[in-house]
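Peer 1: pasting the structure only:
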């Protein structure tokens, strides 16, 4: 069984907030994203971690969105797929930027994030990461968001703040 | 946004072992599968629960496999997809039976299960259910198993007991 | 084995913040305190729940502290002990008020609370409740706070905001 | 605030079964007991860990019980208290042995254990360890078991297999 090689680009946001509890146990600091990846059984993928930035997405500049879009597009040429972990508030801006810059990428680019951090018992972070890591294997080349049991394709995806999820009106 | 209507057929196995802790809190008994479904944010699907049987798959008879296969095939005609929760030891037998009986079903039929029950902190049940509930939306009609971050298509899928997962040699 | 009959007075605070996740599963709303009590094995105690108020302790008035102190003192005469769940910011004010009003109560009165709510994986709520429910069985009549693996006796207990715990300087 | 210095003697049993999930994340192997200790806020105690043996208590010989009893008695002279983590099936045998050998120890010796391992969501391990680590501060010198919200003093404590706890008939 050959594993697909994908890139996992982290940019910050709720899903990546520091996990203080474990860091006490661990000798070195381990990111929440690494703890989540370790808690999953990932037989289908060989993941290359790319720590691009660590920003609350509300603080992202247009340059940040362009950098994320360019990095994802470039990684899509070198991998079987790309997952981008992103703050949900400005996730759609980065997604649209990929479409503007590059049209259809060489392999699927799947954005994901979380409404409630991993520290909460009721977090959606693990569900969303699980979904993005599966969707990237099944989708055709394109730009998507995978969260809350649905996959939506850019352009035209927006965050529905009231319902706390993404929609394509 | 229209939700896809799918059937979720439960047949028993590790993933469905009773969750005693919660049942103490709850006035009525709630199945583990219901607890798991409630812990996920399911925006993409409208799920119809079908409690077909509750068996350790090692005790399934050929008639059980045929009943599961026939029910899944029939449900696939009436829904946008079918997820079957199944004990992993004989999951492949039911999957193969669907192919034998019906060829390509009217909509995707996705089997899933768990190696470690939900009661364990290290359970794979939530990951696998999450994956099956996403895969059923993205796959073309066919018979599959979704578990451990990979999707494999029947026929030809077998359980690799040593590695504790499914493979397609 | 006779169980000691104690009163558990709830007044609000971090430890009692609503547990939204479970309330989705449960038909009726169940307080976090009830969920915590159910998750413990309580063989030594027969607990009478008294929901006195539900306030962030920063909003408590002098009348609130007096009401809490009077209720705890009265309950101490009718029970083998009293546990008071209280917001930590003004917990010491209620504890001192018991001493001012009543001197030594008829049975031990043990205050407890939490710095991090039950919703967090890293919550201290269960530890502190566990400690208060054991301490109330072992202490002589008096007024105490039990939290973070230590028991301190009033008067003279204060919250150390920097270290996030109680001390007796 | 001076911390009490106690010894925590581990002998094996359900409470100490290896926690595979975390060990994957951690560079070096960390015992479940260490993970539990790290998850608690221990302000009252300075704990010296003594890894005496690692046995299912059903396999303990009379010599093992004597070794545990002698070690606990000796540690009780050098510390403000001793907590012994022990398999529940033969915990009472070790407890009685302390009384036989030494009469009243120099400081409290508190045995504890677990009926359901830490790996289970419904574990009683954290509750019991929390109780033992508080009880050892509040009790007078003697030999005890602290579990399930009750403290019982040796001699005369037995395991009630049906109810899954300790009793003093």
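Peer 2: Nice, thanks for sending it over. These figures come from a predicted structure and were not determined experimentally.
Peer 1: tell me which stretches of chain A form helices.
Peer 2: A:20-25, A:32-39, A:62-78, A:91-102, A:125-138 (DSSP state H).
Peer 1: just those: most buried one?
Peer 2: The highest average neighbour count among the helices of chain A, using mean count of other Cβ atoms under 10 Å in any protein chain shown, belongs to helix A:125-138 at a mean of 25. Where you see a C-beta, it was placed from the backbone N, CA and C, and this is true even at glycine.
Peer 1: that helix and chain B in contact?
Peer 2: Yes: using Cβ under 8 Å from any Cβ of the partner chain, helix A:125-138 reaches chain B at A:126-127, A:130-131, A:133-135, A:137-138.
Peer 1: now do stretch A:83-101
Peer 2: No: contact of stretch A:83-101 with chain B (Cβ under 8 Å from any Cβ) is absent, the minimum separation being 11.6 Å.
Peer 1: state the mean pLDDT of that stretch.
Peer 2: Regarding stretch A:83-101, the rounded mean pLDDT is 96.
Peer 1: repeat for stretch A:54-73
Peer 2: Model confidence over stretch A:54-73 averages 94 on the pLDDT scale.
Peer 1: which two from the residues of helix A:125-138 next to chain B end up farthest apart in space?
Peer 2: A:126 and A:138 (19.0 Å; Cβ to Cβ).
Peer 1: rewinding a little: reformat the helices of chain A as a markdown table; add distance to chain D.
Peer 2: Formatted as a markdown table, the entries for the helices of chain A read as follows, by distance: least, Cβ to the nearest Cβ, whole Å:
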| stretch | distance to chain D |
| --- | --- |
| helix A:20-25 | 5 |
| helix A:32-39 | 5 |
| helix A:62-78 | 26 |
| helix A:91-102 | 27 |
| helix A:125-138 | 13 |
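Peer 1: tabulate the ones you listed (JSON lines), appending distance to residue B:115.
Peer 2: Written out in JSON lines, the entries for the helices of chain A read as follows (distance: least, Cβ to Cβ, whole Å):
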{"stretch": "helix A:20-25", "distance to residue B:115": "24"}
{"stretch": "helix A:32-39", "distance to residue B:115": "14"}
{"stretch": "helix A:62-78", "distance to residue B:115": "32"}
{"stretch": "helix A:91-102", "distance to residue B:115": "33"}
{"stretch": "helix A:125-138", "distance to residue B:115": "16"}
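Peer 1: where does chain A dip in pLDDT?
Peer 2: Low-confidence segments of chain A, defined by pLDDT under 70: A:1-2, A:16-30.
Peer 1: how about 90 then?
Peer 2: Scanning chain A for pLDDT under 90 picks out A:1-3, A:12-32, A:34-35, A:38-39, A:54-57, A:102-103, A:116-122.
Peer 1: spell out which parts of it neighbour chain B.
Peer 2: Proximity of chain A to chain B, by Cβ under 8 Å from any Cβ, involves residues A:1, A:39-45, A:122, A:124, A:126-127, A:130-131, A:133-135, A:137-139, A:146, A:148-151, A:165, A:167-168.
Peer 1: who's the most centrally placed residue in chain A bridged to?
Peer 2: Residue closest to the average C-alpha location in chain A (Cα atoms, centre = their mean): residue A:85, at 2.4 Å. The bridge-partner assignment for residue A:85, based on DSSP bridges, gives residue A:10, residue A:112.
Peer 1: that one reaches residue A:10, doesn't it?
Peer 2: Yes: with contacts counted by Cβ atoms under 8 Å, residue A:85 reaches residue A:10, the gap being 4.7 Å.
Peer 1: now residue A:130. Nearest residue, chain neighbours left out?
Peer 2: On the basis of Cβ to Cβ, 6 or more residues apart in numbering or on different chains, the spatially nearest residue to residue A:130 that is not a chain neighbour turns out to be residue B:130, at 4.6 Å.
Peer 1: that neighbour contacts residue A:133, doesn't it?
Peer 2: No: counting by Cβ under 8 Å, residue B:130 stays clear of residue A:133, with 10.1 Å between them.
Peer 1: can you name the residues that contact residue A:121?
Peer 2: Residue A:121 makes contacts with C:21, C:118-121, as judged by Cβ atoms under 8 Å, 6 or more residues apart in numbering or on different chains.
Peer 1: hang on, I meant residue A:55
Peer 2: The contact partners of residue A:55, by Cβ under 8 Å, 6+ apart, come to A:11-13, A:64, A:87.
Peer 1: widest-spaced pair of those residues?
Peer 2: A:13 and A:64 (12.0 Å).
Peer 1: ramachandran angles for the closest residue in space to residue A:116 that isn't next to it in sequence?
Peer 2: Among residues not flanking residue A:116 along the chain, residue A:123 sits closest, at 4.9 Å (Cβ to Cβ, 6+ apart). Per-residue torsions, residue A:123: phi -60, psi 150 (degrees, to the nearest 10).
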